[in-house]
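Novice: Show me how the following folds:
(one chain, ligands or ions: 1)
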Amino acid sequence: MGSPLDNIRVVLTAPIYGGNVGAICRAMGNMGISDLVIAAPEPLDRDNVLRMACAAASIFNNRRETATLKEAVSDCILVAGTSAREGLYRSHSCTPREVTPRLLQSASQGKIALVFGRETHGLSNEELALCTEIIRIPTGNEISSLNISQAVMVCLYELFVCTDYYEPPTEASPPATSELRERMLDIWQNALLRIGFMEPEKTMHIMLGMRRILSRDTLSVNDVRILMGIGRQMLWYASQQDAQIQPSAPSESS
Ligand code: SAH
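Specialist: Residues are numbered from 1 along each chain as shown. So this is what the prediction gives:
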């Protein structure tokens, strides 16, 4: 079976700025999605489209156009509309992050559409009524409306990172064993005593604190080796200091 990304269609409703459409094609290309449909098309400045699409011109060239939004989504099993506004018909809106698992689940079974509205006034209530989900990208209070290509990018990014397509970078160094961690903690304990950071009777208390801090995330072998190096350097530095304050040996002549 292919990737669910192959089943995701971006539907634009009567966009008027070629630059926006080009930027949307580029965002689609970045996020591994290529099915673009323009519903109720208006004339577009092709040069502006291509200028912003960069390497994703083929997405624009392979687009389909339909007279209405209804036609653009007719074969889709889920239709997610996007809107900057809240209120009537939009009260059940979700964020892209909330709705992404549901969208991907459906995209593993059939075509789904992500519908974006006009740059000037978004989607009409009739168009929103065709949508089974409504997505609203959260914003600060002042300006809730995003540039359409940025709205497309936010939605597609959330979908992309939730698929197997995206492999989060893995830690190259393996997790440290308990034995290695304990050796490092011994060195730190000696070093903290030597530099006078803790009194001997506070050793248990401070070292439990150190253990707590160092347990907040898995330490890798590299992490522990760096901490060991710091501990050893503290011990070395303390021994240098000790050597300097040793009273000098009595001179031969006295
Ligand atoms: N003034 C219009 C906004 C149009 S912006 C309005 O109030 O609806 C063009 C399109 O970008 C919107 O139709 C929607 O598809 C998308 N968009 C912009 N901001 C958005 C947001 N905060 N959440 C979801 N989609 C948004």
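
Novice: now do the same end-to-end measure for stretch 72-84.
Specialist: Using Cα to Cα, to the nearest Å, the end-to-end distance of stretch 72-84 comes out at 21 Å.

Novice: and what of stretch 210-229?
Specialist: 16 Å.

Novice: Equivalent analysis for stretch 29-36, please.
Specialist: 11 Å.

Novice: Give me the buried positions along it.
Specialist: Neighbour counts over stretch 29-36 (16 or more other Cβ atoms under 10 Å) mark 29, 31-36 as buried. For every residue, glycine as well, the C-beta is placed using N, CA and C.

Novice: where do the helices sit along the stretch 151-254 of the chain?
Specialist: With DSSP state H, counting those that start in this stretch applied, the stretch 151-254 of the chain shows helices at 178-194, 203-214, 221-245, listed in chain order.

Novice: for the protein, which residue is closest to the average position?
Specialist: Val161 (6.7 Å; Cα atoms, centre = their mean).

Novice: and that one, how far is that from Leu114?
Specialist: 15 Å (Cβ to Cβ, to the nearest Å).

Novice: So what's the residue count around Arg85?
Specialist: Neighbourhood size, Arg85 [other Cβ atoms under 10 Å]: 17.

Novice: swap in the one 10 residues further on?
Specialist: Around Thr95 there are 14 other residues, counting by other Cβ under 10 Å.

Novice: hmm, back to that, pipe the helices of the stretch 151-254 of the chain into CSV and attach mean pLDDT and mean neighbour count per row.
Specialist: Shown next, in CSV, are those (pLDDT from 0 to 100; neighbours: other Cβ atoms under 10 Å):
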stretch, mean pLDDT, mean neighbour count
helix 178-194, 97, 16
helix 203-214, 96, 12
helix 221-245, 93, 14
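
Novice: What lies in contact with whichever strand or helix holds Ser106?
Specialist: Ser106 is part of helix 96-107 when elements are defined by DSSP states H and E. Contacting residues not belonging to helix 96-107 are listed as 4-5, 7-8, 77-78, 80, 112, 114, 133, 135, 137, 154-155, 158-159, 162-163 [Cβ atoms under 8 Å, 6 or more residues apart in numbering].
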